[in-house]
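Engineer: quick one: sequence plus predicted model below, questions after.
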Amino acid sequence: MSSHTSQKLIILAAPSGSGKTTLTNRLMQTFPQLAFSVSACTRPPRAGEVDGKDYHFISLEAFREGIANDDFVEWEMVYQGKYYGTRKSELQRLWDLGKIPILDIDVKGAVNVMRQFPENALTVFIQAPSIDALRERLQNRGTETEESLAERVNKAEEELDYASHFQHTIVNDHLEEAAAKLIGIVRDFLQEN
């Protein structure tokens, strides 16, 4: 890895259903120098997901080999038997293109990345207005079983405890307000040396 000073990165972390993907897309439309850091994961693609664009879908064996070889900046077994992680090579690929990676990752992963890049990471925690609102959003997606819904809601409650580790917390109560706030924070960060 070359010098860390120019190597900025932006970490967005949020529980499922807090509107993070929409906000990430909004940032990328606003700032052309940002690029989405594509995570690796071991779950199968969902309908419409593209390998290499949404995620790098890899086997459990390949993922574990990557862990053993120290290929990841962060990785996490997010749900039982399902690994997600950010490869060092992915960040380097984006930096080499002159881009600033946006990492849309799990809170524990975010804390691990902050430790490695304390000087040049912007960290933002996006929060649903309440656990009830989150539950409702996830139910409205129609992709969750009762069991997976409960698992995601419990995980979200745990993740709220991590909000204090982040430089900024945005409550996504109204998308437009949250987006404006996030764009302002990122603009300030991009203008720093």
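Structural biologist: Received, thanks. Residues are numbered from 1 along each chain as shown.
Engineer: most residues in a single helix of this protein, which one?
Structural biologist: Ranked by residue count and defined by DSSP state H, the top helix of the chain is helix 175-191.
Engineer: show me the contact partners of that one.
Structural biologist: If you take C-beta atoms under 8 Å, 6 or more residues apart in numbering as the criterion, helix 175-191 is touched by 8, 10, 19, 22-23, 26-27, 30-31, 33-34, 100, 122, 124, 126, 168, 170-172. C-beta: built from backbone N, CA, C; applies to glycine.
Engineer: in strands only, show me those residues.
Structural biologist: Counting by DSSP state E, the part of those found in strands is 10, 34, 100, 122, 124, 126, 168, 170, 171.
Engineer: so how many other residues sit close to the nearest residue to the last one once chain neighbours are set aside?
Structural biologist: Read it as residue 171. Spatially, and ignoring its direct neighbours in sequence, residue 171 is nearest to residue 127 (5.0 Å; C-beta to C-beta, 6 or more residues apart in numbering). Using other C-beta atoms under 10 Å, residue 127 is surrounded by 24 other residues.
Engineer: now stretch 170-181, how far from the centre of its chain.
Structural biologist: Here stretch 170-181 is found 17 Å from its chain centre; the criterion is C-alpha atoms, centre = their mean, to the nearest Å.
Engineer: surely residue 141 is in contact with residue 21?
Structural biologist: No: using C-beta atoms under 8 Å, residue 141 is not in contact with residue 21; the gap is 11.4 Å.
Engineer: more neighbours, those two?
Structural biologist: residue 21 (13 against 10).
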